[in-house]
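S.K.: Next come a sequence and a model predicted from it.
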Amino acid sequence: MQAATHTTQCREWRAYPQRTKTGAEGAEPTVRPAPLSPRRMKRPIHSTVPFILIVLSGVLSASAQTASRPQVGITGGVDETARNYTWIITHEHSSPLVRVVIPHYRASVFTAPEGWTGALTERLGTHGRAGTLTIVADDQKRALVRGRSLEVTLSVIAEGTPRGQREVTLAFADGVETKVVVEVPIKEPLSDRSVSLIGLGVIFAIFWIVRALKHKPSQAEPSTDSDSPPPR
């Protein structure tokens, strides 16, 4: 008997003769699945193309963002006196650097590079607020171009002013801005001030308690005068 072939969408079925117990071929064949060809198991090419395109697009986008990000660095910080700060700004961006904004607290004086003008807000911290030091190039010829560096110095009024990491803003002629974290003089954190105030309050309370105990009047002793009338 000829084998009948049945084809479906996913699998191929073929009929094979079935022998009886006496060895004769049966009238009805048994249908068993035949193994799939390796060529049928391969993923179509058209289904992998979109995935490859998405991966390439992500890689190219990340590379473009990295290339357009300004390459600039700032080194330096406070010196051994704990009052004077010096920063050196190195520039590798395609557009010239035209403005630098540095946060501060209780700054008194600063030094800007030649051809740059600076302005200091909240000088000396008289209002208890943090300020900024902003230096700007006088013109395009004075702007910091790629491969060059400039130095900025700042002094605070008191030794021991807290310092910490803050963001310095750098602006370029093409309108791009970037931020770099550096060490600058900062305002004393609120938590530290709270601890100091609590400590002073405790000391003040103990002082008044001790003083009140020393000046507490003693109880009057009962009178022993003979002229006093006897109790009834």
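M.R.: Arrived safely.
S.K.: Give the partner strands of whichever helix or strand Val180 is part of in its sheet and their orientations.
M.R.: Assigned by DSSP states H and E, Val180 falls within strand 177-185. Paired strands of strand 177-185, with direction, are strand 163-172 (antiparallel) (DSSP bridges).
S.K.: List of residues touching the strand it pairs with?
M.R.: 70, 72, 74, 77-78, 87, 89, 93, 95-103, 177-186 (Cβ atoms under 8 Å, 6 or more residues apart in numbering). From N, CA and C alone the C-beta is placed, and that goes for glycine too.
S.K.: Give the PyMOL command for selecting the buried subset of the residues you listed.
M.R.: Remark: buried members of the contacts of strand 163-172, expressed as a PyMOL selection using 16 or more other Cβ atoms under 10 Å:
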select buried, resi 70+72+74+78+87+89+93+95+96+97+98+99+100+101+102+103+178+180+182+184+185+186
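S.K.: what about Ala137, neighbour count?
M.R.: 21 (other Cβ atoms under 10 Å).
S.K.: Could you find the closest non-adjacent residue to it?
M.R.: Ala143 (4.4 Å; Cβ to Cβ, 6 or more residues apart in numbering).
S.K.: List phi and psi for that neighbour.
M.R.: phi -60, psi 150 (degrees, to the nearest 10).
S.K.: ok, now Ser95?
M.R.: phi -100, psi 140.
S.K.: What residues of stretch 136-147 count as buried?
M.R.: Neighbour count says stretch 136-147 has 136-137, 142-144 buried, by 16+ other Cβ under 10 Å.
S.K.: Go ahead and name everything in contact with that stretch.
M.R.: Residues outside stretch 136-147 that contact it (Cβ under 8 Å, 6+ apart): 89, 91-94, 96-99, 114-118, 150, 173.
S.K.: Do me a favour and average the pLDDT over it.
M.R.: For stretch 136-147, mean pLDDT rounds to 94.
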